[in-house]
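Novice: Mind folding the following:
(3 chains)
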Amino acid sequence: MRFLARRLGFYLLTAWAAITLNFLIPRLMPGDPVELLVARMKGNVEPEAIDAMRRAFGISDANLWQQYLDYLGNLARGELGRSITFFPTEVSTVIADSLPWTVGLVGVATLISYLIGTSLGVLMAWKRGTWLDGVLPAATFMHAVPYFWVALALVFVFGVTLQWFPVSRAYGLDVMPGMTGEFAASVLYHAALPAITIVIASMADRILGMRNVMVTTLGEDYVVMAEAKGLTSRRVMWAYAARNAILPNITSFALSLGFVVGGSVLTEIVFSYPGIGSMLLKGVENEDFPLMQGIFLVISLAVLVANFLADLAYVVLDPRTRQESE
Amino acid sequence: MKIKIGFGILVFFALMALAGPLLIGADPAATSEDGLQGPSAEHWLGTTQTGQDILTQIVYGARISMGVGVLSAVIANLLAILVGLVGGYFGGAVDEVLSVLTNIFLVLPALPLIIVLAGYLPQRGVGSVAVVIAVTGWAWGARVLRAQTLSVRRRDFVQAARASGEGPLRIIFFEIMPVLLPVIATSFLATVVAAILAEAGLSFLGLADLSTVSWGSMLYFAQNGQALLIGAWWWFIPPGLCIALIGTGLALVNFGIDEIANPRLRTVKVRKART
Amino acid sequence: MIRPPVKRLLAVLAALALAGCSGGGSGGSGGGENAPPLIIHAVDAGTFQEDFNPYHLEGVNFGTSGMIHETLMYFNKLKPGEITPWLALKHEWSDKGKSVTFTLRKGVKWSDGKPFTAEDVAFTFQMLKDNPELNRNALEITGTEALAPDKVRIDFENTSYAKLFNIAGNSPIVPKHLWEKQKDPVTFTNPKPVGTGPYTLSKFSAQLYEMVKNPSYWQPGKPEVPVLRFPAYTANAVQTALQQGEVDWAGAFVPDIQKIYVQGKPEQNKFFFPPEGVVTLLPNLTHPILSKPEVRQAISLAIDRDKIVRVAERGYTKVAHPTGVPMPGGEAYVPPEYKDAAFKVDLAKAKELLKGVDPAKLKFTLLVPSPFTDWVNAAQLIREDLAKIGITVDTRGVAFQDWVSKVGKGNYELSIRATASGPTPYYQMRSMLFGGLAEPVGESATGNYQRWKDAETDRLIEEYAATEDEAEQQQATQGLGKIMVEKLPTLPLFYSPSWAQYRTNKYVGWPSEQDPYAMPSPYTSPDAAVVLLHLKPAAK
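Specialist: As a prediction, this is how the structure comes out:
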């Protein structure tokens, strides 16, 4: 229990640091959101109106310390402010609208890739010397291919040339969102290509990671022992070797959530997907402080929580951890 | 076998990056009037929309892409070694502080951080992009190395070294680090791939310096020119393929290292030598 | 082969029947329902927010002004000086341009059935006065008064002749009876917009919204396009959408328009890219070498603009007139002696001009925003051209934010930037040359980024603003054009095109080079509504 309490304190500290950095980073960027807006509006706005717009967007001239205190105060009240890009929409609304798409698409695709990848990795380690070795070079290659390159190649082959799948947007032109089967079908159909991209591009990491750990684990005394005792190979593979090999994989999965969102920026851009990744890029491009802060916060906290859960899993699965840390 | 193929690929690309520009000599950004030509005797890999020779771009781009990859991997791993080994060895308050630092960098979204940092550097050349990628990419390695150090520092030979009065820095860098070399090598090679991919991703989003020719900026221009939609596969395929091939080469070498020098085998050997 | 004429005959009959229907006032749900919906891509967007407040900037959905909320007059930017009465029939200046009175069209109704009156106009401008955050035109309003149901006066602090476009052409009118109930119009998102325009919002979702014809629209029988659909596409996805024929009307940059969009059917898959401003090479005039006119002259003589247009701009636009005034259209604003002037490459003369300059100092950095690939390519061509006369240019691509910030603050040597033309070339000249906009280096400017300071220029700009006489305004602009040609305060390269792709298989009557009745791009407001009102179903 003491271990968990300490970990919790540790995470709170990390969360505070992340929140502070999230506050600082956008403010360190060169330029100013209103100037950018004026540059993009190409003459549709008079330069004389800039000061008024600054006020409208709530961009304050107060010193950084005061802004920081305001920011913490607003956070405590659960207020993320209004987005500049989508003014006057609240940042929380923008996030609430986009997060489900990302969680739905990226979350499910990552889970699929994790399950398939991990199982393949275990199998490959176990059955070295069989045809499964052929997966290795392919996986190695896929592991190093740029995400967006895969996405664009898929768009070209399956979308443009074969026309099997739609290549952009989250649902079709002829359906409106709602609790209808038609809408659900359209969403699934549109999610096919982006999901396949994510699975293909991220699965290789899982395969290789799991295989490597598994190979090492298979050399451990207790596995050799279990085999010597004459346990069935399936039991040895899953209950002895894989159970232990999976531990590092869980942590890496939890940590990879941050990278998943990063990668999803590219996927979402290529497929016009309305998720949080494309919102983040929009926020960054427009120096939309409130939006960036809000999205950073959500991602950082999600990753922190995932890590905490991974810690818990560790404690449950591997008693040694408790001693090691105390 | 794997390691040989891997090395073969890497040597090929290294030669291309080092000697290629000398052989080709042309300016990779030079435009010409033959835009969007398919591969031919004159242009082996065809040309871009503005008539730039793709082979020349690939050869010059290798310098930038691999340079960014290697440089940022070096920086990132130095940071990772320092933070991971020191934290893991000393434990206690030092470890706590370093762990918090590591975790902060792990949970911060790297992409915006990279952009912010890139915007602040006076020059946006190879060096700065590499530094930026390294700064946001070292934490993972540090975490792995810390975990490994935690287990290694309990081993007999470390205890023995400590008993014989060796200083902590000496123990860290001369006793523990050699044992961890395979882990470091693995992490190094993985960071090279990650950095090359990060550079490509940054360029693809239009956030790197696109006036330098790198494989990433080539992909950006190919995508912007809708190379695939207009059937100019020769513009889009080569840069991505090169990135993937280098990655494959590095990964194969990595497996080779794993297989030859499995950390377990190695520690056993060391233990024997020490006792 | 008898079918087509028969079909056409049927279509004509159907059209006649249709006209009869709507003429008979059968509740607006006439035969127009059979006409297909028009799919429009205006701006690149991953998602839409439910915002239809026409005074919001980027958050607002396209179509809010023009299709739902209309302006008092319509200014055709392709024919400077061509002004069409819209909600207002005429305007009259008084008090030396500090006051303007509009006479409004009678019989116009809001889409909820309430009549449109002078109260609505007065309310709209009063709202802009009370909420500077919404006043994106920076109108110096001091008061408004509804003089009669069809007469309204707006007063200004200063002479505002030159702001007629901003007042009458760029300020959509909102209904008082609904908006006065809103506590804060600044954050009001107007989710159920009620306007006087030809369309009303029918459906909204994050990736698609739909507008339908307003049955009680004041222009009888119009619009003939019954349904508009706006799907969300990013810049990348819209290319595939265009290629697959999903979109009927788009305003997108297409890298290879023949292959991706036209696809061998030039009679159906049409495009029209008229100039909407000018792209210039900005020389930082605070730089000791670039402030020398002969250096700028030499640079201008060395640049092969034809090649830039052909290679970097893919032939989508034209080399700019040396005055920078968009042509055709701007003829009256160009000094007569330079009417036929054109840029010519003359390397010998350029080298001659550089004789007195230390060659070691002819080294400049050319800053371009990386995401604008055509400019990155143009920069590369400029680098190659200037190398020929001994000028070393280092092209540097930076993030858009960085570029905006550096150019705004004057921390650059050479850069490329576009200036929008506005309803007459004066707007463009003022933005490029007005000394009042030239901030000291280190402070963000909002125009005149090269920091041009010239008493003659400022005098001409003030002259234009002080008169409502078109001939005098043209004369002042001509003077500015002369300065552009002779003193090269910034070097025009090519026109920045307005992107418009439209298919004629569903509807015809689009603007074209022969009939430029409005900006053809779906993203230009309120022009897009004017285009929609001109469309007719294609004969099948």
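Novice: So which elements touch the lengthiest helix in chain B?
Specialist: In chain B, taking DSSP state H as the definition, the longest helix is helix B:54-90. With contacts taken as 3 or more CB pairs under 8 Å, 6 or more residues apart in numbering or on different chains; DSSP states H and E, helix B:54-90 sits against helix B:2-24, helix B:92-107, helix B:126-137, helix B:139-152, helix B:177-204, helix B:215-224, helix B:233-260. Glycine gets a C-beta too; all of them are placed from N, C-alpha and C.
Novice: Please compute how far the fifth one lies from its chain's middle.
Specialist: This means helix B:177-204. With CA atoms, centre = their mean, to the nearest Å as the basis, helix B:177-204 stands 4 Å off its chain's centre.
Novice: Now do it: which elements does it pack against?
Specialist: helix A:147-154, helix B:54-90, helix B:110-120, helix B:126-137, helix B:139-152, helix B:215-224, helix B:233-260, helix B:263-274.
Novice: mind running it again at 7 Å?
Specialist: Helices and strands touching helix B:177-204, by 3 or more CB pairs under 7 Å, 6 or more residues apart in numbering or on different chains; DSSP states H and E, are helix B:54-90, helix B:126-137, helix B:139-152, helix B:215-224, helix B:233-260, helix B:263-274.
Novice: What residues of stretch A:228-247 count as buried?
Specialist: Residues of stretch A:228-247 classed as buried by neighbour count (16 or more other CB atoms under 10 Å in any protein chain shown): A:236, A:237, A:240, A:241, A:242, A:244, A:245, A:246, A:247.
Novice: ranges for the strands of the stretch 401-540 of chain C?
Specialist: Assigned by DSSP state E, counting those that start in this stretch, the stretch 401-540 of chain C shows strands spanning C:414-420, C:491-497, C:501-503, C:507-508, C:536-537.
Novice: Would you tell me whether the first one gets close to chain B?
Specialist: Yep, that's strand C:414-420 we're talking about. No: using CB under 7 Å from any CB of the partner chain, we find that strand C:414-420 stays clear of chain B, coming within 12.3 Å at best.
Novice: Pairing partners for that strand, with directions?
Specialist: strand C:275-283 (antiparallel), strand C:363-369 (parallel) (DSSP bridges).
Novice: give me every residue that touches residue 173.
Specialist: The chain I'm using is chain A. Neighbouring residues of residue A:173 by CB atoms under 7 Å, 6 or more residues apart in numbering or on different chains: C:39, C:208, C:229, C:231.
Novice: think we crossed wires, I meant chain C
Specialist: C:69, C:70, C:72, C:87, C:120, C:121, C:124.
Novice: taking these one by one, which sit in helices?
Specialist: Of the contacts of residue C:173, the ones assigned to helices by DSSP H are C:120, C:121, C:124.
Novice: Could you export the residues you listed as a markdown table, including pLDDT and neighbour count?
Specialist: As requested, the ones in helices among the contacts of residue C:173 are exported to a markdown table (pLDDT from 0 to 100; neighbours: other CB atoms under 10 Å in any protein chain shown):
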| residue | pLDDT | neighbour count |
| --- | --- | --- |
| C:120 | 96 | 24 |
| C:121 | 96 | 26 |
| C:124 | 96 | 25 |
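Novice: From those residues, pick the one nearest chain A.
Specialist: Closest to chain A out of the ones in helices among the contacts of residue C:173 is residue C:124 (16.1 Å), distances taken as CB to the nearest CB.
Novice: The closest one reaches residue C:178, doesn't it?
Specialist: No: between residue C:124 and residue C:178 there is no contact under CB atoms under 7 Å: 12.0 Å.
Novice: still on that earlier bit, out of the helices and strands packed on helix B:177-204, deepest packed?
Specialist: helix B:215-224 (a mean of 27; mean count of other CB atoms under 10 Å in any protein chain shown).
Novice: and the angle from that one to helix B:233-260?
Specialist: 140 degrees (axes from the mean of the first three to the mean of the last three CA atoms, to 10 degrees).
Novice: Is helix B:215-224 in proximity to chain C?
Specialist: Yes: remark: helix B:215-224 sits within contact range of chain C at B:221, B:224, by CB under 7 Å from any CB.
Novice: packing partners for that helix?
Specialist: Judged by 3+ CB pairs under 7 Å, 6+ apart, the packing partners of helix B:215-224 are helix B:54-90, helix B:177-204, helix B:233-260.
Novice: Quick one: these as a markdown table, columns for mean pLDDT too.
Specialist: As requested, those are exported to a markdown table (pLDDT from 0 to 100):
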| stretch | mean pLDDT |
| --- | --- |
| helix B:54-90 | 90 |
| helix B:177-204 | 84 |
| helix B:233-260 | 85 |
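Novice: which residues touch the closest residue to residue C:464 other than its chain neighbours?
Specialist: Nearest non-adjacent residue to residue C:464, counting by CB to CB, 6 or more residues apart in numbering or on different chains: residue C:476, 4.0 Å away. The contact partners of residue C:476, by CB under 7 Å, 6+ apart, come to C:460, C:463, C:464.
Novice: do you know how far residue C:476 is from residue C:136?
Specialist: 25 Å (CB to CB, to the nearest Å).
Novice: What of residue A:8?
Specialist: If you measure residue A:8 against residue C:136 using CB to CB, the figure is 49 Å.
Novice: Show me what residue of the stretch 101-250 of chain A gets nearest to chain C.
Specialist: For the stretch 101-250 of chain A, CB to the nearest CB, closest residue to chain C: residue A:168, 3.3 Å.
Novice: now that residue, what's its secondary structure?
Specialist: With DSSP: H, G, I helix; E, B strand; the rest coil as the basis, the three-state label of residue A:168 is coil.
Novice: Phi and psi next, for it.
Specialist: With angles defined as degrees, to the nearest 10, residue A:168 sits at phi -150, psi 160.
Novice: who touches the closest residue to it other than its chain neighbours in this structure?
Specialist: Leaving aside its sequence neighbours, residue A:168 sits nearest to residue C:237 (CB to CB, 6+ apart; 3.3 Å). Under the criterion of CB under 7 Å, 6+ apart, the contact list for residue C:237 reads A:167, A:168, A:169, A:271, A:272.
Novice: May I have the predicted confidence score for the residue lying closest to residue C:489 once chain neighbours are set aside?
Specialist: Distances taken as CB to CB, 6+ apart place residue C:452 nearest to residue C:489, at 4.0 Å, with adjacent residues excluded. Per-residue pLDDT puts residue C:452 at 94.
Novice: Pretty sure residue C:452 sits against residue C:286.
Specialist: No: the pair residue C:452 / residue C:286 is not scored as a contact, 10.4 Å apart, by CB under 7 Å.
Novice: which residues are contacting stretch C:278-296?
Specialist: Against stretch C:278-296 from outside (CB under 7 Å, 6+ apart): C:320, C:324, C:326, C:353-354, C:357, C:361-362, C:382, C:410, C:412-419, C:428, C:441, C:449-452, C:487-488, C:490-496.
Novice: Poorly predicted segments of the chain, please.
Specialist: Defaulting to chain A. The model of chain A has pLDDT under 70 over residues A:1, A:29-31, A:42-45, A:47, A:60-61, A:129, A:248, A:251-252, A:254-263, A:317-326.
Novice: Let me rephrase: I mean chain C.
Specialist: Using pLDDT under 70, the flagged stretches of chain C are C:1-33, C:540.
Novice: 50 instead?
Specialist: Where chain C drops to pLDDT under 50, the residues are C:1-32.
Novice: Noted, bye for now.
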